[in-house]
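J.: Let me see the structure of the following:
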Amino acid sequence: MLKASRFGLALAVCFLSWSAAAAQQKPSNALTISYPSISGAQAVLWIGKETGIFRKNGLDVDLVYIGGGPRSMAALLSGQLQVIGTGGNSLVAAHLRGARETVMVATTYNTLVFSLMTRAELKEPKDLKGKSLGVTGFGSLSDFTLRTLLKRWGLDPARDVVIRPMGGYPETIAAMKSGALDGGVLSPPSNLSARVLGFREFIEAGSIGIEYASTCYATTRPFIRERRESVAQFIRSLTEAIHRFKTDKAGSIKIIQQYTKIRDPEVLEETYRVYAVRYLSRAPYPTLNGVKTILESFADSLAAESRGAKPEDFVDSSFVQALDASGWIGRLYQ
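T.: Below you'll find the model as predicted:
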């Protein structure tokens, strides 16, 4: 509890440091937006920038890469960033720990976009008993995914398998290759690297239909009050970039190459299939069910803070709703 209180105090101090002088340093149409990973999950943002969609919708956007939820959240609260790309779990945790003014305004991926890759001979859930499986870290989204899958199969994550935090996907793959792990949870296109080494896709987690706000965009309620039109322009741009991603495969792959430095055609094809075709919705609604799943996952680690919290506390879907209700999104695809 003391740790949560200190975290909340630190966030409050950052928030109070958001001064009018800092805001005046940027033009009224300027947004600095962060993205949390070099992954196909961030391609919509890159496409919005590189194709001029943000500019067309009246925004001067600067994109910055900031790995780690706490760092981007602190920058958001201090006013250095106006919008952040973040995992929904990071946003909800920060909100529960004191960052009450943060709010989710869009979700591009509302499921668990991971694959459990294992040694080829492991084919049924019962085969996983006693095996060692890798995740990026305890409490990470890959860890949540693995524990959710195991529970669905009637396996106890604490007793039936050994879960090992590896730090990252390259480390997970290296441990699988050396035999230190029997499998691991990987996001595309890391799953292809494992497949090349002879591992099989035990399950594509997104296929089981769990709603989970995994790739989200957040801002603060004060920023919405002060620059509501800018947030509306951002959501319009994001939605238009989704359309471009879905309908311009060649151009989108070129932009993914630019940001990820991936050159392998097979890896690029898989990245496009997963992130443009398989799991990306036309309207980036931040769903209440996607947030509810996150809150349930914090039932143990943030029990006191999450008691009484409602999904509605974390979401402002009015911007996407307005676009959808106007028929604008539907007309994009006619």
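J.: Pretty sure residue 330 sits in a helix.
T.: Yes: under DSSP: H, G, I helix; E, B strand; the rest coil, residue 330 sits within a helix.
J.: What's the separation between it and residue 192?
T.: 34 Å (Cβ to Cβ, to the nearest Å). Heads up, the C-betas are built off the backbone N, CA and C, glycines and all.
J.: So the two - more neighbours on which side?
T.: For residue 330 and residue 192, the more surrounded residue by other Cβ atoms under 10 Å is residue 192, and the numbers stand at 19 against 12.
J.: Buried residues, the host helix or strand of the more buried one. List them.
T.: Taking DSSP states H and E as the criterion, residue 192 maps to helix 190-196. In terms of neighbour count (16 or more other Cβ atoms under 10 Å), helix 190-196 has its buried residues at 190, 191, 192, 193, 194, 195.
J.: Pretty sure the last one sits against residue 201.
T.: Yes: using Cβ atoms under 8 Å, residue 195 makes contact with residue 201 at a distance of 7.0 Å.
J.: Show me the common contact partners of those two, please.
T.: Here residue 195 and residue 201 have residue 117 as joint contacts, going by Cβ atoms under 8 Å, 6 or more residues apart in numbering.
J.: any idea where the strands of the stretch 51-200 of the chain begin and end?
T.: 60-65, 83-86, 102-109, 115-118, 132-135, 162-165, 183-186, 200-204 (DSSP state E, counting those that start in this stretch).
J.: In TSV, list those strands along with mean pLDDT and mean neighbour count.
T.: Putting the strands of the stretch 51-200 of the chain into TSV (pLDDT from 0 to 100; neighbours: other Cβ atoms under 10 Å) gives the following:
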stretch	mean pLDDT	mean neighbour count
strand 60-65	96	15
strand 83-86	94	26
strand 102-109	97	25
strand 115-118	97	26
strand 132-135	96	24
strand 162-165	96	16
strand 183-186	96	27
strand 200-204	96	17
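J.: Can I get those in TSV including distance to residue 144?
T.: Listed next are those as TSV, based on distance: least, Cβ to Cβ, whole Å:
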stretch	distance to residue 144
strand 60-65	23
strand 83-86	15
strand 102-109	14
strand 115-118	13
strand 132-135	9
strand 162-165	11
strand 183-186	9
strand 200-204	15
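J.: for those strands, which one sits closest to residue 326?
T.: strand 102-109 (16.3 Å; Cβ to Cβ).
J.: which helices and strands does the closest one pack with?
T.: In terms of contacts (3 or more Cβ pairs under 8 Å, 6 or more residues apart in numbering; DSSP states H and E), strand 102-109 is packed against helix 69-78, helix 88-96, strand 215-220, helix 221-226, helix 228-247, helix 318-325.
J.: Need those in TSV (columns: distance to residue 167).
T.: Putting these into TSV (distance: least, Cβ to Cβ, whole Å) gives the following:
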stretch	distance to residue 167
helix 69-78	16
helix 88-96	17
strand 215-220	21
helix 221-226	34
helix 228-247	30
helix 318-325	35
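J.: looking at those, which is buried most?
T.: Ranked by mean neighbour count, the helices and strands packed on strand 102-109 are led by strand 215-220 with a mean of 26 (mean count of other Cβ atoms under 10 Å).
J.: Dump the C-alpha coordinates for that strand into CSV.
T.: Output of strand 215-220 as CSV, limited to C-alpha atoms (Å, rounded to 0.1, in the frame of the first residue of the first chain):
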residue,chain,number,x,y,z
THR,A,215,-2.9,-1.8,-27.6
CYS,A,216,-4.5,1.5,-26.5
TYR,A,217,-4.2,5.3,-26.8
ALA,A,218,-4.6,7.5,-23.7
THR,A,219,-4.6,11.1,-22.8
THR,A,220,-5.8,13.1,-19.7
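J.: Give me the residue at the spatial middle of the chain.
T.: What sits nearest the mean C-alpha location of the chain, by Cα atoms, centre = their mean, is residue 215, with 2.3 Å.
J.: This completes my enquiry, with thanks.
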